[in-house]
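*Asks:* only the shape, not the letters, is given here:
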């Protein structure tokens, strides 16, 4: 196993805490499962054979060889897509038309503007009930892709086909399941944040309110600079392992095609059973949030200084019981 240094050309000038995600070559699936995976840290795996898709899935090939089924896409006039404020439209396009538009920087046919950006996150056949599975939604293309056995097959949850325009940037968020992202076409930058830095990220649900992570509004988000950034660039054929709860922000340096796979690394009963997207917090977490909301509501009858004092006491109890004191995952 050989480590390869990665090089970052884009850094947040407000933060001095920037670390590179390790890039490992010549790692077997067995070594990943039995050693690297257990460390619960992001890592890029380089050198895996993921099939003929690498080098083959050009826009021309995708247009000619995929089923020309309708797909639901995000369309935005700006590269930075914002899921909190919904600065994009949902539109339906034939798959071939999506590839045609997303692979260009300027289009004659458009919904908002000639420079609009496109992003596809494939869905199940019935998005309200069924999970995404690339072998079901894109069977003709999947003959070109080999998903390496980096996790037990019985733990599989979903596989998602992703297409993004050049410069398209997805919001910072976390997932509740482990996943691998296989970069197939184009170059991609991935910025990650440790779960223990969650209180610096100005969260609304599972998403950060900070859209421009490279030029942060320090007056609006003063704590953001305390979060440590982990960065890497993915080349075609690279695989990044993103452990559950690690925040990630993805920027397509070029027209990009990728497939990622999610799996359940905890007991199945812990996850929400009615969640075809696989992004809802575990059932116990939803219950805990409701309890905390009730506790906050109960304190509202007190003067502000009492709310502050007892609020801190509640936080202290949670910290003493739940925070990890002896685990370094930085």
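*Replies:* That came through fine. Everything quoted here is computed from the prediction, not taken from an experiment. Residues are numbered from 1 along each chain as shown.
*Asks:* what's in contact with the helix or strand where residue 172 lies?
*Replies:* Per DSSP states H and E: residue 172 is located in strand 169-173. Strand 169-173 has contacts (C-beta atoms under 8 Å, 6 or more residues apart in numbering) with 79-84, 119, 164, 191, 193, 201, 206-208, 210-211, 213, 247-252. For glycine as for every other residue, the C-beta is placed from the backbone atoms N, C-alpha and C.
*Asks:* just checking, next helix/strand downstream of that strand?
*Replies:* Using DSSP H and E, the helix or strand that follows strand 169-173 in sequence is strand 178-185.
*Asks:* just after that following strand, pick out the following helix or strand.
*Replies:* strand 188-193.
*Asks:* for that following strand, packing partners?
*Replies:* Packing contacts for strand 188-193, counted by 3 or more C-beta pairs under 8 Å, 6 or more residues apart in numbering; DSSP states H and E, involve strand 229-234, strand 247-252.
*Asks:* between these, which one is nearest to residue 197?
*Replies:* With distances scored as C-beta to C-beta, the stretch of the helices and strands packed on strand 188-193 nearest to residue 197 is strand 247-252 (7.7 Å).
*Asks:* strand partners (parallel or antiparallel) of that closest one?
*Replies:* Partner strands and pairing direction for strand 247-252 (DSSP bridges) are strand 169-173 (antiparallel), strand 188-193 (antiparallel).
*Asks:* now do the helix or strand following the longest one: distance to the chain's middle.
*Replies:* Next helix or strand after strand 188-193 toward the C-terminus (DSSP H and E): strand 203-204. Between the mean C-alpha location of strand 203-204 and the chain-wide mean there is a distance of 15 Å, by C-alpha atoms, centre = their mean, to the nearest Å.
*Asks:* tell me the mean pLDDT for strand 203-204?
*Replies:* For strand 203-204, mean pLDDT rounds to 94.
*Asks:* these two touch, right, residue 20 and residue 231?
*Replies:* Yes. Judged on C-beta atoms under 8 Å, residue 20 makes contact with residue 231 at a distance of 6.2 Å.
*Asks:* so these two - more neighbours on which side?
*Replies:* Taking other C-beta atoms under 10 Å, residue 20 and residue 231 do not tie; residue 231 has more neighbours (20 against 15).
*Asks:* who does the more buried one bridge with?
*Replies:* residue 20, residue 191.
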